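Q: below is the sequence, then the predicted model.
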Amino acid sequence: MYRRKMRGMYISKRALRKHFDPRNYPRETYLLCELQWRGSHKSWQHWLRNDDSKDCHAEKYFLEEIFEPRSYNICDMTWYLSWSPCGECCDIIQDFLEEQPNVNINIRIARLYYADRASNRRGLMELANSPGVSIEIMDADDYNDCWETFIQPGVYYRFSPENFESAIRRNCSQLEDILQGLHL
């Protein structure tokens with residue numbers, strides 16, 4: 001099942017807290033996207049999730065079913081992912097970028113997806129070396145940006161990334177090792 005952000009719809013604060021806290025290990029992957037076409041002052045936000053009932057990961061679904069090229073201008077996308085892309089999704093993202101060279105993707109991840117699997121580590125390293133791609137672990141500023149962008153204004157809930165700073169540091173260290181090609 002895929003849920004999409006429509007005009008006036010937001011992700012629930014509970015979903016953001018549960019799925020993006022790197023100390024939790026939920027089954028679903030959430031993808032929050034902010035897209036900006038250069039030359040336009042408006043940005044576009046969208047979100048979706050997969051729940052393993054279909055064999056289509058969130059990244060693949062977004063690129064194949066949601067994203068629509070609308071101009072030849074440069075498109076800058078920021079993805080906030082609750083899990084890093086698997087090796088297969090890394091390949092799909094690379095193929096997409098080869099077909100859409102005017103798209104840049106900044107991928108911010110809450111936690112690493114089966115980082116013990118060589119195919120996932122290799123996929124992340126190759127994707128990070130692709131033109132137009134950056135991959136980083138979400139930091140406190142990213143969590144605050146998600147809260148401000150994808151949660152309905154006026155909703156109060158204390159969401160403190162400082163509470164899981166050690167998990168963020170651990171994931172940063174692990175991603176850095178992967179991107180440097182260590183332990184492939």
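A: Structure received.

Q: hang on, residue 122 packs against residue 87?
A: Yes. Using CB atoms under 8 Å, residue 122 makes contact with residue 87 at a distance of 6.3 Å. All C-beta spots, glycine's among them, are computed from the backbone N, C-alpha and C.

Q: neighbour-wise, which of those two wins?
A: residue 87 (19 against 15; other CB atoms under 10 Å).

Q: show me what contacts the more buried one?
A: For residue 87, the contacting residues are 117, 119, 120, 122, 123, 124, by CB atoms under 8 Å, 6 or more residues apart in numbering.

Q: please repeat the previous calculation with a cut-off of 10 Å.
A: Contact analysis of residue 87 by CB atoms under 10 Å, 6 or more residues apart in numbering lists 113, 114, 117, 118, 119, 120, 121, 122, 123, 124, 126, 127.

Q: which pair in those residues spans the largest distance?
A: Put simply, by CB to CB the two of those set farthest apart are 114 and 126, 16.3 Å from each other.

Q: of these two, which one has the most company?
A: Legend: neighbour count by other CB under 10 Å for residue 114 and residue 126, higher for residue 126 (15 against 12).

Q: which helix or strand lies directly C-terminal to the helix or strand hosting that one?
A: Secondary structure from DSSP states H and E places residue 126 in helix 118-128. Next along the chain after helix 118-128, taking DSSP H and E as the criterion, comes strand 133-137.

Q: elements contacting that following strand?
A: Where contact means 3 or more CB pairs under 10 Å, 6 or more residues apart in numbering; DSSP states H and E, strand 133-137 is packed against strand 75-81, helix 87-99, strand 103-109, helix 118-128, helix 165-179.

Q: tilt between that strand and strand 75-81?
A: Here strand 133-137 points in a direction 30 degrees away from that of strand 75-81 (axes from the mean of the first three to the mean of the last three CA atoms, to 10 degrees).

Q: give the pairing partners of strand 133-137; include direction for each.
A: Using DSSP bridges, strand 133-137 pairs in its sheet with strand 103-109 (parallel).

Q: now do the buried residues in the strand it pairs with.
A: 103, 104, 105, 107, 108, 109 (16 or more other CB atoms under 10 Å).

Q: please apply the same query to stretch 175-184.
A: Along stretch 175-184, these residues count as buried under the neighbour rule (16+ other CB under 10 Å): 175, 178, 179.

Q: now do the closest residue to the second one other than its chain neighbours, the pLDDT please.
A: Beyond its immediate neighbours in the sequence, the residue positioned closest to residue 178 (CB to CB, 6 or more residues apart in numbering) is residue 121, lying 4.8 Å away. Note on residue 121: pLDDT of 96.
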